[in-house]
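# this one's sequence-less:
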């Protein structure tokens, strides 16, 4: 049952305005409801952006943009909330209507430009999923057959490349070299993180610092740098843009650590992808690395990437016999707490619009911790 793998990750004293994590998902404000209409605009533009005169390419590119497999749109949601958290004014109604301008056309309105960052971030994210599934030889994603499994590796790679190309067109339309540099760095980090994962030597495989660096590159960099981008487009001071970046960084780290925990604690049905996939792929994540500090027998398994016939089950047993899972939960909670603190540190505001968005951003840090998939 889902309830069996929903965990309490931190003591109540760490959580602004929420006393217990059991209550976090229902506290104060629903972050997804707050910007649902605006996220819908971004989703519509995403569907427009993947139109191609090559039917096979368009069909492949839209694979994870179809109703039912789109995901929760976490990245567009947090970016639009960050835009609101840094604005004293609520977006006027006309900016909450569909925007049918082509990707190469620069919007004059500040909020529309911030919506473009949300669009770009989701394109990059989905492209990275397509490429990751090829590299990992994954068979399922979001509860359905992965694109590489259903259509082959070549088409999956090209579909990911196509999404990145479309993201680049929208990025160039903003005509802001600082933003282009930030989002280009995200692409560099995605590649660097994947290469770090593929090329890690025995000592790096057992290093928590190496794991966290890789996790920043593969997951948190997109949240961090796109959060900074919406702050810059909102004409915020550098120190405020830094707070936005830190929020995205810590949220991304918490998100991935929880993902790594769920890989051990969840079932394939709940996750929409195989459980214990990380160890089977030869990866030692936070709970395993923490467990290895108490269970020396784990270290040779990690160094040989769980290639032995019984390595995965033996590794799982040692993790379960250690405090590795609990320590990983605490690490995720630590980063979620730090993310919430960045929002608390933003310049004071008396705007109900901004305050509600800030509350929602803090709520997201709680939801990341109690998610079940």
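That came through fine. Computed from a predicted structure; not experimentally measured.
# torsion angles phi and psi at residue 140?
As for residue 140, its main-chain torsions (degrees, to the nearest 10) stand at phi -130, psi 160.
# to clarify, my last question referred to residue 174.
phi -70, psi -20.
# surely it is in contact with residue 116?
Yes - counting by Cβ atoms under 8 Å, residue 116 is a contact partner of residue 174 at 6.2 Å. Any C-beta I mention is one placed from the backbone N, CA and C, and that applies to glycine too.
# who's more crowded, these two?
residue 116 (26 against 20; other Cβ atoms under 10 Å).
# would you mark the buried spots in the helix or strand harbouring that one?
Assigned by DSSP states H and E, residue 116 belongs to helix 110-135. Neighbour-count burial for helix 110-135 flags 110-134 (criterion: 16 or more other Cβ atoms under 10 Å).
# dump the residue contacts of residue 294.
322, 323, 324 (Cβ atoms under 8 Å, 6 or more residues apart in numbering).
# most neighbours among the residues you listed, which one?
That'd be residue 324 among those, by other Cβ under 10 Å, with 25 neighbours.
# now do the phi/psi pair for that one.
Phi and psi for residue 324, reported as degrees, to the nearest 10, are phi -60, psi -40.
# wait, it sits on residue 291?
Yes - with contact defined as Cβ under 8 Å, residue 324 and residue 291 form a contacting pair (3.0 Å).
# can you pull out the strands in the protein?
140-141, 144-145 (DSSP state E).
# now those strands as TSV including distance to residue 286?
Below are those laid out as TSV (distance: least, Cβ to Cβ, whole Å):
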stretch	distance to residue 286
strand 140-141	22
strand 144-145	28
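# mean pLDDT and distance to residue 243 for those - can I get that in TSV?
Formatted as TSV, the strands of the chain follow (pLDDT from 0 to 100; distance: least, Cβ to Cβ, whole Å):
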stretch	mean pLDDT	distance to residue 243
strand 140-141	72	33
strand 144-145	75	38
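# just name the most buried of these.
strand 140-141 (a mean of 19; mean count of other Cβ atoms under 10 Å).
# helices or strands up against that one?
The helices and strands touching strand 140-141, judged by 3 or more Cβ pairs under 8 Å, 6 or more residues apart in numbering; DSSP states H and E, number zero.
# where in this protein is the helix or strand with the lowest mean pLDDT?
helix 21-24 (a mean of 34; mean pLDDT, DSSP states H and E).
# so for the longest helix along the chain, what gets flagged as buried?
Secondary structure of the chain per DSSP state H: the longest helix is helix 238-265. Neighbour counts over helix 238-265 (16+ other Cβ under 10 Å) mark 240-241, 243-265 as buried.
# one more: stretch 188-206?
Within stretch 188-206, the residues scored as buried using 16+ other Cβ under 10 Å are 189, 190, 192, 193, 194, 196, 197, 200, 205, 206.
# output the below-cut-off pLDDT ranges for the chain.
1-28, 64, 66-70, 142-143, 267-274 (pLDDT under 70).
# in the stretch 51-200 of the chain, which spans are helices?
Using DSSP state H, counting those that start in this stretch, the helices of the stretch 51-200 of the chain run over 55-61, 74-85, 110-135, 147-151, 153-173, 177-199.
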